[in-house]
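>>> curious how this folds, go ahead:
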Amino acid sequence: MIRFIQADEVLAIRNEVLREGRLTLDECRFPGDQDEGSFHLGYFDGEQLACIASFHPKAYGEYKGKAYQLRGMATLEKYRGKGFGNQLVNFAIVYMRGQKVNYVWCNARKKAIRFYQNIGFEIISDEFEVPGIGPHHVLYLKIQ
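Residues are numbered from 1 along each chain as shown. Now for the predicted structure:
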């Protein structure tokens with residue numbers, strides 16, 4: 001089941017999956033987590049939060065229109081490969097379409113590029129390094 005959740009609910013999975021448990025929960029907060037218009041989604045397997053993603057209203061570069069940045073997409077290891085992330089992002093796309101959002105973009109880890117491309121995102125940047133995390137590309141998906 002997919003539900004809208006609070007920013008605090010994503011912190012433990014962000015730390016475990018995206019930061020390998022190296023940070024405090026407070027250090028896993030992103031600028032924009034509490035901004036008006038931001039939303040966070042969780043995929044629950046029963047009562048267990050298995051997959052998360054955060055969406056912040058933010059344009060990219062010269063791209064025009066209403067936009068969101070997808071951040072902090074993460075799935076607990078034991079739930080990977082079950083399609084939870086795909087379902088979560090597609091739920092968000094349908095929701096954003098209803099909010100008249102034009103596009104969504106993200107800074108995707110190189111190892112996650114295929115996941116996003118399978119949903120319909122396209123690479124719009126050269127590879128770049130996020131210090132301490134690794135190689136990334138900017139990806140873009142037109143919603144409407």
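>>> all strands for this structure, in order.
Taking DSSP state E, the strands of the chain run over residues 2-5, 39-45, 48-57, 67-75, 103-109, 122-123, 128-130, 134-142.
>>> switch those over to CSV; also include mean pLDDT and distance to residue 82.
Just so you know, the C-beta spots here come from the backbone N, C-alpha and C atoms, and that holds for glycine as well. Formatted as CSV, those follow (pLDDT from 0 to 100; distance: least, CB to CB, whole Å):
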stretch, mean pLDDT, distance to residue 82
strand 2-5, 98, 13
strand 39-45, 98, 8
strand 48-57, 98, 8
strand 67-75, 97, 8
strand 103-109, 97, 19
strand 122-123, 98, 25
strand 128-130, 94, 27
strand 134-142, 97, 22
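>>> of all the ones you listed, which lies closest to residue 21?
strand 67-75 (12.3 Å; CB to CB).
>>> now for the strands of the chain, which one comes closest to residue 14?
Across the strands of the chain, closest to residue 14 is strand 67-75 (CB to CB), at 5.1 Å.
>>> ok so, going back, need the strands of the chain in CSV (columns: mean neighbour count).
Below are the strands of the chain laid out as CSV (neighbours: other CB atoms under 10 Å):
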stretch, mean neighbour count
strand 2-5, 14
strand 39-45, 19
strand 48-57, 21
strand 67-75, 22
strand 103-109, 20
strand 122-123, 13
strand 128-130, 10
strand 134-142, 17
